[in-house]
Every structure is written in structure tokens, then in C-alpha cells.
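A.B. asks: Based on what follows, work out the 3D shape:
(one chain, ligands or ions: 1)
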Amino acid sequence: MAPDEKMAPLAEAGSAAATGHGLMAGKRALITGVANERSIAWAIAERFGAEGAELAFTYQGEGMGRRVRPLVASSAKAVIDCDVLRDEDIERAAEDVKRVWDRLDVLVHSIAFAPREALEGRFVEATSRDAWRIALEVSAYSLVGLVRAMRPLMVPGSSILTLTYYGAEKVVTHYNVMGVAKAALECTVRYMAQDLGQDGIRVNAISAGPLKTLAASGIRGMRSMLAENAGKTPLRRNITQEDVGDAALFLCSDLARNVTGEILHVDAGQSIVGAVSM
Ligand code: NAD
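C.D. replies: Alright, predicted model coming up:
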């Protein structure tokens, strides 16, 4: 899909958003992690918007804000600056959400970061104390921090979604400390699902196959991995951002009302492959 097509207003005449019908009608969704039109978070937002959700967005700092605001302008109830390394930003984001909505039905956490030097070379040498702390804080702790701040707004029936990758389960060259952070994130999903289940709040993750995005460009060898990967998955193809958007729609809608603590692989089957010959 061309970038300008993706920037079309979400609530076109006759669409679910305009008519008030759709799987997400009446739901209010806070989307974190949109950097540009290739972001997984943006594909999720587009899908939710097309199914009638009201949307609000957070972005990381003013530099990112300049790119994100025009992209989301036509669909956003609020666009909020929130660097998840700062507790005060997280608290303020919750206050900003409260100003526009008295309730939050969906929180999408689509945030990850590790210093570039930690994503190349040998794992032991590349994983400094600082790289470990930053990767784990931004990519895993931030889910806990955001949820603690937003939870007072979340009602029974609401849901939380985060994004993970196969590098949490098995070694993927160059993924290094990010694999450790994603393992922590996946474990957090299970503890959080157990904790928040008593409040009627569901917590799930999508483990997405590799996609060309800003975050992925920090991982050395991404281009060749994508080329090789396409021939190796059971479905013999790579996934798209829209594939993740569709799965997110399922997990965050009432269709998944009894699904929680789940890591759903949207990876054309990549994660089931052991040793096969083709
Ligand atoms: P992206 O670069 O579009 O999104 C990453 C987002 O993280 C950006 O919007 C960035 O601003 C945000 N972020 C980083 N540090 C932050 C901070 N301190 N505070 C607030 N926001 C911060 O890339 P993406 O590929 O769409 O990544 C979204 C999620 O999907 C990430 O968790 C990523 O690990 C995961 N994922 C990506 C792939 C892939 O191949 N692209 C595969 C599986 C999972």
C-alpha cells in the first residue's frame, strides 16, 4: 500500500466509524508507538478506526511529534507527548487521556528500543549494563508503567495489547539484548493477565514476523533476513503490517473475550519450524 493511501482519513462516509457499527464501535483506544506510516501501531490504529474505534495517540518527544501529528490528525481525539523513560510523562499522559475520555477500553503498547551498539557483534561484549537497563526499561517495564497509570480508566471488558518477536524464544542473530527484553515482556503479559483478570481486563501480545519499520532498521542484517525468511516460512511469504492490524482487531475486540495471557504468532508460521528440508 502506498504511504499516501495509508494517510486517508479513517472515518470515511459509509465506513464503520462513520455509521457507528463495527467490531470496535464505542471503544476508546490509546495507541502508543506510532513513528510513521510504516509503524505496526499505525496499521493497528487504521484497522481499529475503520471498525469504529475512537483513537488517541502518544508519541516519543517533539522530534517524533512533528511527524506523527500530521499523520494522526484526522483521527485523533488526543495526541500526547510521552517518553516512557520518564514517569512524569506517563502520569501526564494518563491525565491527558482523562481530559478527553472518562473510560479507556483498549491500550496498545507498541514500543521498543535498545542502543544500536547492543544490536551488533557478540552478545556478551555488546550487552553493557546501560544497554540492558535501557532495553528492558523501554521495551518491557514501560508496559507495566503505562498500565498502572491507565488502569483507573480501564473498565471490565477492556484489553491491553503489546508487540513481541520470536527473538524472545529462540536466538536470532543480532537481536541480542532485545531478545532478553522481549522475553521479559512476554512473561510480563502472563503476570499482568493473571493480576488484571480479576478486574475483567485482558492482556495479550502479538509475536509479529519481521517487518521493515524504523525500529527494525536498527537491527543489522534485517534486509537479508526478510529476503531469506520469505522462502522459509510455512506459508512461503513475509507478513505485512496489515496482518498484524487484523490480528490486533481480533484480540482487542469482544471476539476475544475469553483470550488472555496469550502470545499470538502472526508470522506466516515461522515460529513452528524446526529443521525441515524444502
Ligand atoms: P517503529 O519504529 O515504527 O515503532 C517503535 C516505536 O517505539 C516508535 O514509535 C518509537 O517512538 C517508540 N519508542 C521507542 N523508545 C521510546 C520511548 N522511550 N518512549 C516512547 N516511545 C518510544 O517500529 P515497529 O516495528 O512498528 O515497532 C513496534 C513494536 O513492534 C516494537 O515493540 C517492536 O519490537 C515490535 N515488533 C517489530 C517487528 C518488526 O520486524 N518490525 C517484529 C515483531 C515485533
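A.B. asks: residue ranges with poor pLDDT in the stretch 151-278 of the chain?
C.D. replies: 278 (pLDDT under 70).
A.B. asks: Going along the chain, name the strands of it.
C.D. replies: Assigned by DSSP state E, counting those that start in this stretch, the strands in the stretch 151-278 of the chain fall at 154-164, 202-208, 263-266.
A.B. asks: would you list these in CSV and tack on mean neighbour count and distance to Tyr59?
C.D. replies: Any C-beta I mention is one placed from the backbone N, CA and C, and that applies to glycine too. Below are the strands of the stretch 151-278 of the chain laid out as CSV (neighbours: other C-beta atoms under 10 Å; distance: least, C-beta to C-beta, whole Å):
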stretch, mean neighbour count, distance to Tyr59
strand 154-164, 21, 16
strand 202-208, 25, 20
strand 263-266, 19, 24
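A.B. asks: Need the nearest residue in space to Asp105, chain neighbours excluded.
C.D. replies: Nearest non-adjacent residue to Asp105, counting by C-beta to C-beta, 6 or more residues apart in numbering: Lys27, 4.1 Å away.
A.B. asks: What residues does Trp42 make contact with?
C.D. replies: Contacts for Trp42 (C-beta atoms under 8 Å, 6 or more residues apart in numbering) come out as Lys6, Val34, Asn36, Leu71, Gln241.
A.B. asks: Quick check, Cys252 in contact with Ala29.
C.D. replies: Yes. Counting by C-beta atoms under 8 Å, Ala29 is a contact partner of Cys252 at 7.1 Å.
A.B. asks: between the two, what contacts are shared?
C.D. replies: Phe48, Val106, Val108.
A.B. asks: Does the ligand have contacts with the helix or strand harbouring Glu88?
C.D. replies: In the assignment (DSSP states H and E), Glu88 maps to helix 87-100. No. Using C-beta under 6 Å from any ligand atom, helix 87-100 never reaches the ligand; the gap is at least 7.8 Å.
A.B. asks: by contact count, what packs against that helix?
C.D. replies: Applying 3 or more C-beta pairs under 8 Å, 6 or more residues apart in numbering; DSSP states H and E, one finds that helix 87-100 makes contact with strand 54-59, strand 76-81, helix 142-150.
A.B. asks: quick one, phi psi at Ala29?
C.D. replies: phi -120, psi 130 (degrees, to the nearest 10).
A.B. asks: hang on, the earlier thing: spell out for me the PyMOL command that would select the buried members of the shared contacts of Cys252 and Ala29.
C.D. replies: Command for PyMOL that selects the buried part of those, burial taken from 16 or more other C-beta atoms under 10 Å:
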select buried, resi 48+106+108
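A.B. asks: Pick the one among the shared contacts of Cys252 and Ala29 closest to the ligand.
C.D. replies: Nearest to the ligand among the shared contacts of Cys252 and Ala29, counting by C-beta to the nearest ligand atom, is Val108 at 9.7 Å.
A.B. asks: Ile219 versus that closest one, what's the distance?
C.D. replies: 22 Å (C-beta to C-beta, to the nearest Å).
A.B. asks: before we move on, what about Glu120?
C.D. replies: To Ile219, Glu120 is 9 Å away according to C-beta to C-beta.
A.B. asks: OK, contacts around Ala216?
C.D. replies: Pro210, Met222.
A.B. asks: just use 518 as the starting number from now, easier for me
C.D. replies: Sure, I'll start numbering at 518, so the last one becomes Ala733.
A.B. asks: Quick one: neighbours of Thr757, just the number.
C.D. replies: Neighbourhood size, Thr757 [other C-beta atoms under 10 Å]: 15.
A.B. asks: Pretty sure it sits against Gly726.
C.D. replies: No. The pair Thr757 / Gly726 is not scored as a contact, 9.3 Å apart, by C-beta under 8 Å.
A.B. asks: Get me the contact residues on this protein for the ligand.
C.D. replies: Neighbours of the ligand within the chain, by C-beta under 6 Å from any ligand atom: 550-552, 556-558, 577, 581, 600-602, 627-630, 655, 680-682, 725, 727-728, 730-733.
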